[in-house]
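*Asks:* I'd like to go over a predicted model; first the sequence, then the structure.
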Amino acid sequence: MLTLRQAITKLAFTGPTTARALAQFLGVTAPFSLRELLLIAENSPIGSWVTVGPTLIHNSDLGAGGRLSAIAIDPSAPGTIYVGGGAPGEYSNRGGCGVWKSINDGASWQPLTDNLPLTYPSRFVLHVAALALDPATAGRVYFATPVGIFRSDNGGVDWVRISTDVSANVPSGVLLIDPKSPNILYLASPDGIHRSVDFGVNWTLSRSGGDAKGLVMDPTNSQILFAAVGNGIYKTTNGGLAGDTDWTQLRNGLPVSNDISHITLALCRDFPGTLYAGYSRASAFELYRTDTAGASWSPAFRNSVDNLFNDTIGVDPQTPEIVYITGEKFWRSEDGGKSFTAQSGPHDDQHRFAADPVIPQRIYALNDGGIFRSSNRGTSWIFCGNGIANVEFFDIAIAPTLPSLIIGGTQDNGTIQRAGNGTEWDDMGLAGDGATVDIDPTNDQIVYGMDQSIDSISRSPNRAPPWTNIADGLPKNACQLAHFQVHPTQPTTVLASCTSLWRTLSPGATWSKIFTPSSGNIVRSAVDGASGVYYAGADDGRVYAGPGGANWQLVFSHPSNSSVTDIEIASSVVYVSFSANGNGRVYRLTGLPPAMTANAIAANLPGDRTVQAIGADRKLPFVIYVGTDLGVYRGSSVDGGTTWSWIPYSHGLPLAYVIDLEVHPTTGVMRAGTFGRSAFEVPTS
């Protein structure tokens, strides 16, 4: 940890002590003068964030990490692997994990995109939809995102966003490079197939017609491509140079229906006339095969198993009878797709398949648990993602009585804990997805967690199974990812926010409503341990207070009715964040209800940052932190809380989507739980 003066001293030995150099060291991007920087941060401790993982989750299976959905293997050195991912569907507005690289066949990994500059101020730059390696130029790597294309010419050390003309979505993006003319690239995107002839700088729409989720190239003739666009399959024999007219729709034997949601494609490398097409339809998954390069197709398989996502399908590079399809499980066929068997081992929810270019029986599955490798075409697996810190947290909690303890609820990796040092975490045995978590403030053995809905709240007396469901009386199958909390001074009292504010006075006893607003839904709560006042925030921007949980009164109404995202209390001062823009993202409420004074304090917080979480430094009464969609910011006031200044507090922190902040009340160590980049910590004092 360095004070600002120590930072200046360090800079004096390494280069000119200029405002620009100082700002770069502190992670400040605003154009402050050196004097302004001194006034803002004089004598303030500047910490450096470090990852606390998980880089590996120990579970009863093979181990796991966070979700991955893009992969590229170097054909000249198959031990060099690039992977990436992001959040699809309902979580697509949250963060991704960026690009990671291994040069030793997955034994260790390093992040490649943590230092992307804020000149790309979008959380979507870390959503890796597709990866591709230039076969003609060693070290040239591309990755596609929802906000453009990035390229590195030195193996991922440095990146440049070369185009914002096109986008690709997770997990359906496909990026191909013509091996004979590597200046020509193709991208499957939400509006069709795009083509570039200048190494990805400029793009034209080669095949229109809707969302493209399948794209393959004939390895013997790069002018021949097959594309799944909208609800049809198209073929070009001249690289799609002239646009739509160069593509012919393939029909013979293929279904024509309005209930086709998407199509995926796979081509056998050594028998390029053999292709498979996976059709996701309203009632079934269907697999079709051609051995005539698309001239005619035959049905091979109709869904007889559940949860076939059809994010990708695959075929063995040498043996066209071996076919793979993805879903909740990983499925393999050895008879040309006529029948499939689930292969035991990989984590649930498969998103991408890849085969080793040299050893075809060695395959990779990317899923919600990271990356897994099989040396026997899926019969058995090992986890090979140890070192990738990309877990998607929904919530974290810390223990006042055990400073080293962190627990968290994660996407598809359950509820996990870090009880000591290091970056490897342990599964706590609460099955399913994780969500909100909390810890008894007087006993760090007693923990709480949940699956996705509010009626799954459970309690463990020893941070391990068995867990006991304590949700009797709460709504059934409602309020996904709902907030709940343990009372800070009455640890047998637990509150839950689900339309109303609910309370149980003893875990296991029936819950009851203690407050239902006249409008909106309660989404957040907090309790002032000193005064006993309860606070409840609603999705229409209203904040209510109830002494002891009774006699509720409205104490603040957001001017734009933006939803409450967090409530934090420090020394009886209430900080509330909202899903608003500009100054209205954070308010400071002082006084006692009902006569509370509210001041907006986010005026110079960068205007495009959304605020999900607040962390209060209990040792510094006029300092708070906010977790945003791109890192952490520190707010401070030198005039008793009237005016506030904000600076980035992200030294060592990647461009992460920060979902939660927790500051330990005695050590001052702050933890950040992110969606897509695991967890980090930093000393604040």
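*Replies:* Yep, that arrived.
*Asks:* what about stretch 468-477, start to end distance?
*Replies:* Its start and end residues considered, stretch 468-477 measures 17 Å (CA to CA, to the nearest Å).
*Asks:* Please apply the same query to stretch 542-557.
*Replies:* Termini of stretch 542-557 sit 4 Å apart (CA to CA).
*Asks:* how much distance is there from that stretch to the middle of the chain?
*Replies:* 34 Å (CA atoms, centre = their mean, to the nearest Å).
*Asks:* Kindly report the same for stretch 319-332.
*Replies:* 26 Å.
*Asks:* How about residue 301, nearest residue that isn't a chain neighbour?
*Replies:* residue 287 (4.0 Å; CB to CB, 6 or more residues apart in numbering). In this view, the C-beta of every residue, glycine as well, is placed from N, C-alpha and C.
*Asks:* Please read the previous query as pertaining to residue 573.
*Replies:* Nearest to residue 573 is residue 590, by CB to CB, 6+ apart, at 5.6 Å.
*Asks:* Report how many residues lie close to residue 619.
*Replies:* The tally of other residues near residue 619 (other CB atoms under 10 Å) stands at 14.
*Asks:* Touching, it and residue 685? I think so.
*Replies:* Yes: using CB atoms under 8 Å, residue 619 is in contact with residue 685, at 5.1 Å.
*Asks:* Now list whatever residues contact both of the two.
*Replies:* Counting by CB atoms under 8 Å, 6 or more residues apart in numbering, the shared contacts of residue 619 and residue 685 are residue 668.
*Asks:* so the residue nearest to residue 301 makes contact with residue 300?
*Replies:* Yes: counting by CB under 8 Å, residue 287 touches residue 300, with 4.7 Å between them.
*Asks:* More neighbours: those two, which one.
*Replies:* Set side by side, residue 287 and residue 300 show more neighbours around residue 287, with 25 against 21, by other CB under 10 Å.
*Asks:* how far away is the more buried one from residue 332?
*Replies:* Counting by CB to CB, to the nearest Å, the gap between residue 287 and residue 332 amounts to 13 Å.
*Asks:* so what sits against both of those two?
*Replies:* Joint contacts of residue 287 and residue 332 (CB under 8 Å, 6+ apart) are residue 323.
*Asks:* mind listing what residue 226 touches?
*Replies:* Residue 226 makes contact with 214-216, 233-235, 250, 265, 267, 275, 294, according to CB under 8 Å, 6+ apart.
*Asks:* closest to residue 539 among those residues?
*Replies:* Distance to residue 539 across the contacts of residue 226 (CB to CB) is lowest for residue 214, with 38.9 Å.
*Asks:* In three-state terms, label the spatially closest residue to that closest one that is not a sequence neighbour for me.
*Replies:* Distances taken as CB to CB, 6+ apart place residue 228 nearest to residue 214, at 3.1 Å, with adjacent residues excluded. For residue 228, the assignment made with DSSP: H, G, I helix; E, B strand; the rest coil gives strand.
*Asks:* now the strands: where do they sit in the stretch 51-200 of the chain?
*Replies:* 56-58, 70-73, 81-85, 98-102, 110-111, 130-133, 141-145, 148-152, 160-163, 174-177, 185-189, 192-196 (DSSP state E, counting those that start in this stretch).
*Asks:* Check the stretch 201-350 of the chain too.
*Replies:* 204-207, 212-217, 225-229, 232-236, 248-250, 260-267, 275-281, 285-290, 298-302, 313-315, 323-326, 330-333, 341-343, 350-355.
*Asks:* any chance of those in TSV, with mean pLDDT and distance to residue 123 too?
*Replies:* Putting the strands of the stretch 201-350 of the chain into TSV (pLDDT from 0 to 100; distance: least, CB to CB, whole Å) gives the following:
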stretch	mean pLDDT	distance to residue 123
strand 204-207	98	26
strand 212-217	97	23
strand 225-229	98	28
strand 232-236	98	33
strand 248-250	98	37
strand 260-267	96	25
strand 275-281	95	28
strand 285-290	96	32
strand 298-302	94	38
strand 313-315	97	30
strand 323-326	94	26
strand 330-333	95	30
strand 341-343	91	34
strand 350-355	95	19
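*Asks:* Just put those in JSON lines and tack on distance to residue 657.
*Replies:* Below are these laid out as JSON lines (distance: least, CB to CB, whole Å):
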{"stretch": "strand 204-207", "distance to residue 657": "31"}
{"stretch": "strand 212-217", "distance to residue 657": "25"}
{"stretch": "strand 225-229", "distance to residue 657": "30"}
{"stretch": "strand 232-236", "distance to residue 657": "36"}
{"stretch": "strand 248-250", "distance to residue 657": "40"}
{"stretch": "strand 260-267", "distance to residue 657": "26"}
{"stretch": "strand 275-281", "distance to residue 657": "29"}
{"stretch": "strand 285-290", "distance to residue 657": "32"}
{"stretch": "strand 298-302", "distance to residue 657": "38"}
{"stretch": "strand 313-315", "distance to residue 657": "30"}
{"stretch": "strand 323-326", "distance to residue 657": "26"}
{"stretch": "strand 330-333", "distance to residue 657": "28"}
{"stretch": "strand 341-343", "distance to residue 657": "33"}
{"stretch": "strand 350-355", "distance to residue 657": "19"}
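*Asks:* starting at the chain centroid, how far to stretch 379-397?
*Replies:* For stretch 379-397, the separation from the chain centroid amounts to 12 Å (computed by CA atoms, centre = their mean).
*Asks:* Burial check on the closest residue to residue 309 other than its chain neighbours, number of neighbours?
*Replies:* Closest residue to residue 309 apart from its sequence neighbours, by CB to CB, 6+ apart: residue 327 at 5.0 Å. When counting by other CB under 10 Å, one arrives at 20 neighbours for residue 327.
*Asks:* Could you check the pLDDT of residue 327?
*Replies:* The model reports residue 327 with a pLDDT of 90.
*Asks:* re the thing from before, export the contacts of residue 226 as TSV, with columns for distance to residue 143.
*Replies:* Formatted as TSV, the contacts of residue 226 follow (distance: CB to CB, whole Å):
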residue	distance to residue 143
214	19
215	16
216	19
233	26
234	25
235	27
250	30
265	21
267	22
275	26
294	29
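*Asks:* Out of those residues, which comes closest to residue 646?
*Replies:* For the contacts of residue 226, the nearest to residue 646 is residue 215 (43.8 Å; CB to CB).
*Asks:* returning to that earlier point: could you pull up the contacting residues of the residue nearest to residue 214?
*Replies:* Here residue 228 is in contact with 212-215, 234, 262-265, 277 (CB under 8 Å, 6+ apart).
*Asks:* Try it again at 7 Å.
*Replies:* Shown in contact with residue 228 (CB atoms under 7 Å, 6 or more residues apart in numbering): 212-214, 263-265, 277.
*Asks:* Break this structure into its domains for me.
*Replies:* Split into domains by automatic domain parsing, the chain comes to 4-46, 394-481+533-683.
*Asks:* And the longest one, end to end?
*Replies:* Meaning domain 394-481+533-683. End-to-end distance for domain 394-481+533-683: 22 Å, by CA to CA.
*Asks:* And the average pLDDT for it is what?
*Replies:* Average pLDDT, domain 394-481+533-683: 95.
*Asks:* Could you do stretch 370-386 as well?
*Replies:* 97.
*Asks:* For stretch 431-438, list every residue counted as buried.
*Replies:* Within stretch 431-438, the residues that qualify as buried are 433-438, counting by 16 or more other CB atoms under 10 Å.
*Asks:* try stretch 661-677
*Replies:* 661-665, 667-677.
*Asks:* so which two of those are the farthest from each other?
*Replies:* Farthest apart among these by CB to CB are 665 and 676. That separation is 27.8 Å.
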